[in-house]
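Chemist: Next one to model:
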Amino acid sequence: MKDHYYIDGYNFFHSYYARKSNSSRSGDLEGARGELVNFLVEFSALTGSRITIVFDGRNFKGEKDHRIGKEHNSPVRVIYAPPSTDTDSVIEALIYKEPNKERIYVISSDHALRQTCFGIGVSVMKPENFIKYFYQITQLVQLHQRYTTPVVRVETPLYEKLRILLKDIASE
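Modeler: Next up is the predicted model:
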């Protein structure tokens, strides 16, 4: 089973943009939200984890639940909470349904939500720590790519003779 991160959308949104000096959230909320989602898509691609982002839906007039990407089984899902409820309640309801709580992480700076989720048996993390974790993973991937030399197959007459010889030995 893959790790599954439940993100308190606007809570994470504010922490994410607090770290950025050239914040694009000043006028274009939809564009800024899209940038945040792209950040989380990149995290999912690096780690192979699933992500569910839950935004407060009071001011949203579009889809209420959709996957990022063309494929229906995309690992990143965005949910807008119905106007009659809040993000915390949606996250709590979703994690209650999860069978393997040890691979679940809730990302929020909301103390009550973190306490409730911890009590349910899932791991919790503040958005600032999640962002640091993302950048650490990115650095590790870059180091791995920098210092890992690709295997280059050398095709020479000697190599071909050795390959045939080893194949003959193996078949005996």
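
Chemist: How are the helices of the protein distributed by residue range?
Modeler: Assigned by DSSP state H, the helices in the chain fall at 9-19, 29-47, 87-97, 111-120, 127-147, 157-171.

Chemist: can you put these in CSV and add mean pLDDT, mean neighbour count and distance to residue 3?
Modeler: In short, each C-beta sits where N, CA and C put it, glycine included. Converted to CSV, the helices of the chain look like this (pLDDT from 0 to 100; neighbours: other Cβ atoms under 10 Å; distance: least, Cβ to Cβ, whole Å):
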stretch, mean pLDDT, mean neighbour count, distance to residue 3
helix 9-19, 83, 19, 16
helix 29-47, 85, 16, 7
helix 87-97, 92, 17, 13
helix 111-120, 92, 15, 15
helix 127-147, 87, 13, 11
helix 157-171, 80, 9, 41
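
Chemist: can I get these in TSV with distance to residue 79?
Modeler: Shown next, in TSV, are the helices of the chain (distance: least, Cβ to Cβ, whole Å):
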stretch	distance to residue 79
helix 9-19	8
helix 29-47	12
helix 87-97	6
helix 111-120	15
helix 127-147	17
helix 157-171	54
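
Chemist: and of the ones you listed, who's closest to residue 55?
Modeler: helix 9-19 (3.6 Å; Cβ to Cβ).

Chemist: Could I have the CA atoms of stretch 130-142 written out in PDB?
Modeler: C-alpha atoms of stretch 130-142 as PDB (Å, rounded to 0.1, in the frame of the first residue of the first chain):
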ATOM      1  CA  PHE A 130       5.700  18.800   4.900                       C
ATOM      2  CA  ILE A 131       7.200  21.500   2.700                       C
ATOM      3  CA  LYS A 132      10.700  21.000   4.200                       C
ATOM      4  CA  TYR A 133      10.200  17.200   3.700                       C
ATOM      5  CA  PHE A 134       9.400  17.900   0.000                       C
ATOM      6  CA  TYR A 135      12.500  19.900  -0.500                       C
ATOM      7  CA  GLN A 136      14.700  17.300   1.200                       C
ATOM      8  CA  ILE A 137      13.300  14.600  -1.100                       C
ATOM      9  CA  THR A 138      13.900  16.900  -4.100                       C
ATOM     10  CA  GLN A 139      17.500  17.400  -3.000                       C
ATOM     11  CA  LEU A 140      18.000  13.600  -2.600                       C
ATOM     12  CA  VAL A 141      16.600  12.900  -6.000                       C
ATOM     13  CA  GLN A 142      18.900  15.500  -7.500                       C
END
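
Chemist: what sits against the nearest residue to residue 114 once chain neighbours are set aside?
Modeler: Distances taken as Cβ to Cβ, 6 or more residues apart in numbering put residue 124 closest to residue 114, at 4.2 Å, once the chain neighbours are dropped. Applying Cβ atoms under 8 Å, 6 or more residues apart in numbering to residue 124 gives the contacts 105, 106, 107, 108, 114, 117, 118.
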